[in-house]
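A.B. asks: turn this into a structure:
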Amino acid sequence: MKRIALFRIWIIVTMFARFIIRLYAFSRKQQQGVATTEEYEALMLKLAREYKRNALRLEGLLIKLGQFLSIRADLLPPAVLNELSELVDRVPTSGWEKSRAILEAEWGVPYSQVVKDVGIDAVASASIGEVYGATLLENGKRVAIKIQRPNIEKIIRTDFRAMRIVTSMLKRTSLAKSTDLDSLYRQMIFVIGDELNFQTELKNALYFKAKYADNRDVYIPDYHEHLCTNRVLTMDWVDARRITDLAFLKENDIDRSALAERLFTLAAEQLLFGGQFHADPHPGNVQIRADGTIILLDFGMVGQTTAHDMATIRNILQAFISLDYDSIVDGLEDLRFLLPTANKQNIRQALEKAVTFYLETDIDTVDTRLIEKVLQDIQLLVKNEPIQLPAEFAFFGRAASTLLGILQILDPKIDLFTLGKPIVIEWLEEDGTTLQNRYVKTGINYAKKLLNVPPLLDNYLKELRLSEQAMFQRNLESKELLHRQTFNAIVILLGLLVGLLGYIRPDEWLFWSGGVVSVLAYFNWRRLGRKIRHLARQDFRV
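C.D. replies: Numbering: from 1, shown residues only. All right, here's what the predicted structure looks like:
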């Protein structure tokens with residue numbers, strides 16, 4: 001039954017229709033103020049479990065969609081993500097006979113003319129392919145043969161039609177206001193479509209093979225390209241274990257801390273410097289040999305960041321340091337996080353409110369109700385704006401979080417700050433701007449802002465005719481305040497330079513003392529600014 005197109009479409013569409021009705025009913029309760037966050041998470045978890053049952057029953061796109069949604073932390077609660085992540089390793093096998101038929105159809109000859117000693121039990125089974133072990137007749141090499149599941153392309157294309165109907169249904173819900181559903185649908189087709197074509201996976205594998213050709217710490221199996229097709233991949237067999245197999249690491253005297261450092265460096269270089277990165281680095285795809293070599297497998301899901309995107313992220317970080325909220329919002333728009341209908345002013349206000357509250361509030365003494373109110377206001381602003389997470393950054397986040405979990409297993413005391421420092425410095429300087437110049441530029445930007453006479457005061461002086469005595473008093477007080485602002489600007493700049501020196505040496509005392517001095521001087525400048533604005537509003541009359 002599950003292979004019949006109409007049956008699949010009916011099950012998928014009706015399942016999502018029930019989900020939409022339940023969520024709509026809950027939203028009505030929420031509007032009436034009788035629903036809680038705990039009830040929402042419980043409902044979502046219940047729906048996720050129902051989805052998982054149907055996915056394991058129907059397989060096909062539902063499995064892949066579940067895996068795809070399991071990386072969308074911007075759409076779903078953590079408990080739902082955990083539930084959907086279980087779809088990764090729970091796909092039943094199709095059986096050797098069906099896989100053999102596909103293998104022989106792709107190779108064009110009986111498999112026995114190419115390989116021998118085939119293990120008829122799959123060593124791995126996923127939503128799209130299954131892996132069998134065999135030995136090549138031509139050279140006696142042991143190989144792993146990944147074979148596409150029977151009728152999987154037809155099944156997934158049927159499921160795409162069902163999801164197109166579901167997408168149309170979702171456009172009538174509130175989700176359409178905050179999510180580009182058509183873009184999400186296209187992302188899903190693009191990602192899963194690539195996985196259906198094993199030639200794409202082969203191309204990705206060869207990219208990483210060339211990337212790490214001179215790296216003895218990393219090994220990627222050789223692929224036998226003449227035995228690879230759109231539905232079959234043939235690669236060297238690798239005797240390795242999951243990188244999180246702590247007993248195996250102990251048995252082979254592999255230093256867990258050193259291994260964690262090597263894995264961190266490997267991942268950080270992939271994620272930060274543009275190009276392709278492994279987007280599904282779970283322990284089954286990241287393995288370890290007895291000699292300590294890291295093995296990377298399965299390149300069906302690969303993310304990509306461009307040099308332009310990484311440069312934009314650097315600019316956003318620079319804007320955060322300078323508190324240049326307009327540049328932050330422009331950067332988010334450039335990275336495709338904001339939909340065309342987003343109100344940039346609202347988003348800017350939400351960012352400024354959050355950062356200002358963080359910088360100016362003593363969390364230990366402030367009323368907790370005030371904190372909750374500010375957070376609710378910020379969440380409401382962000383929730384009401386059409387913000388989305390582009391697929392490439394969803395993969396980026398998933399890869400980073402998955403690797404972080406592996407690192408915590410390998411070395412719970414790992415110091416990511418110390419390990420990441422040289423890599424981050426190299427990344428920040430990739431555009432030709434040294435870290436010293438970057439901090440000097442930040443200090444100059446601060447100084448320019450601090451030394452500027454507030455426009456309100458400037459306009460006031462130009463537009464009003466004050467008496468000579470009032471003008472004299474005003475100028476005297478203004479000059480005094482501006483001199484004090486200039487002094488604070490210098491202190492801020494010096495504090496930043498001292499902090500930079502402490503960061504590079506490294507010297508934590510210099511780093512933190514310079515930072516504290518800069519922050520205190522900045523707040524003093526804000527206090528002086530308030531005095532200047534108060535002076536500008538005074539009605540000077542004789």
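A.B. asks: phi and psi next, for the nearest residue to residue 205 once chain neighbours are set aside.
C.D. replies: Once flanking residues are discounted, residue 205 sits nearest to residue 299: 4.5 Å by C-beta to C-beta, 6 or more residues apart in numbering. Every residue, glycine included, has its C-beta placed from N, CA and C. Residue 299 adopts backbone torsions of phi -110, psi 30, taken as degrees, to the nearest 10.
A.B. asks: and residue 299, what does it touch?
C.D. replies: 201, 204, 205, 207, 208, 278 (C-beta atoms under 8 Å, 6 or more residues apart in numbering).
A.B. asks: mind checking which helix or strand of the protein has the lowest mean pLDDT?
C.D. replies: The helix or strand of the chain with the poorest confidence is helix 455-463; it has a mean of 43 (mean pLDDT, DSSP states H and E).
A.B. asks: sorry, back to before: are any of the contacts of residue 299 buried, and which?
C.D. replies: 201, 204, 205, 208, 278 (16 or more other C-beta atoms under 10 Å).
A.B. asks: centre-most residue in this structure?
C.D. replies: residue 397 (2.2 Å; C-alpha atoms, centre = their mean).
A.B. asks: name the spans of the stretch 401-542 of the chain whose pLDDT lies under the cut-off.
C.D. replies: In the predicted model, the stretch 401-542 of the chain carries pLDDT under 70 at residues 430-483, 485, 487-489, 491, 495, 498-517, 519-523, 525, 530, 533-542.
A.B. asks: one more time with 80
C.D. replies: Scanning the stretch 401-542 of the chain for pLDDT under 80 picks out 401-402, 405, 416-418, 420-421, 424-542.
A.B. asks: doesn't the residue nearest to the centre of the chain belong to a helix?
C.D. replies: Yes - counting by DSSP: H, G, I helix; E, B strand; the rest coil, residue 397 is part of a helix.
A.B. asks: what separates it from residue 279, distance-wise?
C.D. replies: Separation of residue 397 from residue 279 (C-beta to C-beta, to the nearest Å): 10 Å.
A.B. asks: and residue 135, what does it touch?
C.D. replies: 115, 116, 117, 141, 142, 143.
A.B. asks: now the second one: closest residue in space, sequence neighbours ignored.
C.D. replies: Using C-beta to C-beta, 6+ apart and skipping residues adjacent in sequence, the residue nearest residue 116 is residue 135, 5.2 Å away.
A.B. asks: where does the one you found land in three-state SS?
C.D. replies: What three-state DSSP gives for residue 135 is strand.
A.B. asks: hmm, back to that, need the contacts of residue 299 in TSV (columns: pLDDT).
C.D. replies: Output for the contacts of residue 299, formatted as TSV (pLDDT from 0 to 100):
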residue	pLDDT
201	92
204	93
205	94
207	93
208	94
278	88
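A.B. asks: now, which of those lie within helices?
C.D. replies: 201, 204, 205, 207, 208 (DSSP state H).
A.B. asks: out of those residues, which comes closest to residue 237?
C.D. replies: residue 205 (14.9 Å; C-beta to C-beta).
A.B. asks: so which residues of the stretch 151-300 of the chain form strands?
C.D. replies: Secondary structure of the stretch 151-300 of the chain by DSSP state E, counting those that start in this stretch: the strands cover 218-219, 232-236, 241-242, 275-278, 286-288, 294-296.
A.B. asks: weakest of those strands in terms of mean pLDDT?
C.D. replies: Note on the strands of the stretch 151-300 of the chain: strand 275-278 shows the lowest mean pLDDT, a mean of 84.
A.B. asks: what is it packed up against?
C.D. replies: Packing contacts for strand 275-278, counted by 3 or more C-beta pairs under 8 Å, 6 or more residues apart in numbering; DSSP states H and E, involve helix 198-211, helix 256-272, strand 302-305, helix 391-410.
A.B. asks: of all these, which lies closest to residue 170?
C.D. replies: Between these, helix 391-410 lies closest to residue 170; by C-beta to C-beta that is 17.4 Å.
A.B. asks: then that closest one to PDB, C-alphas only?
C.D. replies: Extracted in PDB, the C-alpha atoms of helix 391-410 (Å, rounded to 0.1, in the frame of the first residue of the first chain):
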ATOM      1  CA  ALA A 391      19.300  26.500   4.400                       C
ATOM      2  CA  GLU A 392      23.000  26.900   4.200                       C
ATOM      3  CA  PHE A 393      23.100  28.500   7.700                       C
ATOM      4  CA  ALA A 394      20.700  25.900   9.100                       C
ATOM      5  CA  PHE A 395      23.300  23.300   7.900                       C
ATOM      6  CA  PHE A 396      26.000  25.400   9.400                       C
ATOM      7  CA  GLY A 397      24.300  25.500  12.800                       C
ATOM      8  CA  ARG A 398      23.600  21.800  12.700                       C
ATOM      9  CA  ALA A 399      27.200  20.900  11.800                       C
ATOM     10  CA  ALA A 400      28.500  23.100  14.600                       C
ATOM     11  CA  SER A 401      26.100  21.800  17.300                       C
ATOM     12  CA  THR A 402      26.700  18.100  16.300                       C
ATOM     13  CA  LEU A 403      30.400  18.600  16.500                       C
ATOM     14  CA  LEU A 404      30.200  20.400  19.800                       C
ATOM     15  CA  GLY A 405      28.400  17.300  21.200                       C
ATOM     16  CA  ILE A 406      31.200  15.000  19.900                       C
ATOM     17  CA  LEU A 407      33.800  17.300  21.400                       C
ATOM     18  CA  GLN A 408      32.100  17.300  24.800                       C
ATOM     19  CA  ILE A 409      32.100  13.500  24.800                       C
ATOM     20  CA  LEU A 410      35.800  13.300  23.800                       C
END
